[in-house]
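Trainee: can't give you the sequence, but here's the structure:
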């Protein structure tokens with residue numbers, strides 16, 4: 001092996017795709033991705049000049065959103081509502097004391113990364129790399145996650 005071999009590390013969270021390429025890979029228009037962003041479902045990385053970049057993780061999340069819409073017949077409001085009901089405090093995790101003053105814990109309509117004001121624990125975190133946002137894109141079916149969460153609360 002020569003001294004010039006290069007090892008390239010793969011990071012699925014690294015934002016590398018432009019909005020046009022991301023849209024093409026998923027089979028939607030760039031405007032659809034902008035809509036998901038405006039609706040609070042998607043948090044693209046933005047460069048200093050405002051250019052949106054997407055990671056492989058983002059593409060998985062966009063594909064999940066598309067499945068919810070096309071296969072499971074949910075609209076954007078329905079997806080947002082289900083996301084809001086996923087217990088971020090369990091994924092983070094947060095103590096009962098921290099939950100007491102947390103707007104995300106109290107909200108049934110917005111997921112934590114959609115709120116302007118969050119708990120003190122989350123205030124300085126980058127939502128794009130937060131476990132809650134990263135987990136949202138890995139769920140196969142949001143309704144199943146909600147049902148599991150509901151069972152924990154009622155038991």
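Mentor: Structure received. Computed from a predicted model, the values in this text were never measured in an experiment.
Trainee: so what does the longest helix anywhere in the chain touch, helix or strand wise?
Mentor: Identified as the longest helix of the chain according to DSSP state H is helix 56-70. Other helices and strands packing on helix 56-70, by 3 or more C-beta pairs under 8 Å, 6 or more residues apart in numbering; DSSP states H and E, are helix 19-26, helix 30-38, helix 76-85, helix 131-136. From N, CA and C alone the C-beta is placed, and that goes for glycine too.
Trainee: if we compare these, which one ends up closest to residue 94?
Mentor: Smallest distance to residue 94 across the helices and strands packed on helix 56-70 (C-beta to C-beta): 10.5 Å, for helix 131-136.
Trainee: can you list the weak-confidence ranges in the chain?
Mentor: Counting by pLDDT under 70, the ranges of the chain that qualify are 1-4, 117-118, 120, 137-155.
Trainee: Pull the contacting residues for the residue positioned nearest the centre of it.
Mentor: Among the residues of the chain, residue 133 comes closest to the average C-alpha position under C-alpha atoms, centre = their mean, at 3.5 Å. Listed by C-beta atoms under 8 Å, 6 or more residues apart in numbering, the contact set of residue 133 reads 43, 113, 127.
Trainee: Repeat that for residue 78.
Mentor: For residue 78, the contact set (C-beta under 8 Å, 6+ apart) comprises residue 68.
Trainee: gap between it and residue 113?
Mentor: Separation of residue 78 from residue 113 (C-beta to C-beta, to the nearest Å) stands at 18 Å.
Trainee: Next up, the contacts around residue 12.
Mentor: Residues near residue 12 by C-beta under 8 Å, 6+ apart: 55, 56, 57.
Trainee: can I get those in TSV with neighbour count and distance to residue 104?
Mentor: Shown next, in TSV, are these (neighbours: other C-beta atoms under 10 Å; distance: C-beta to C-beta, whole Å):
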residue	neighbour count	distance to residue 104
55	20	23
56	18	26
57	19	21
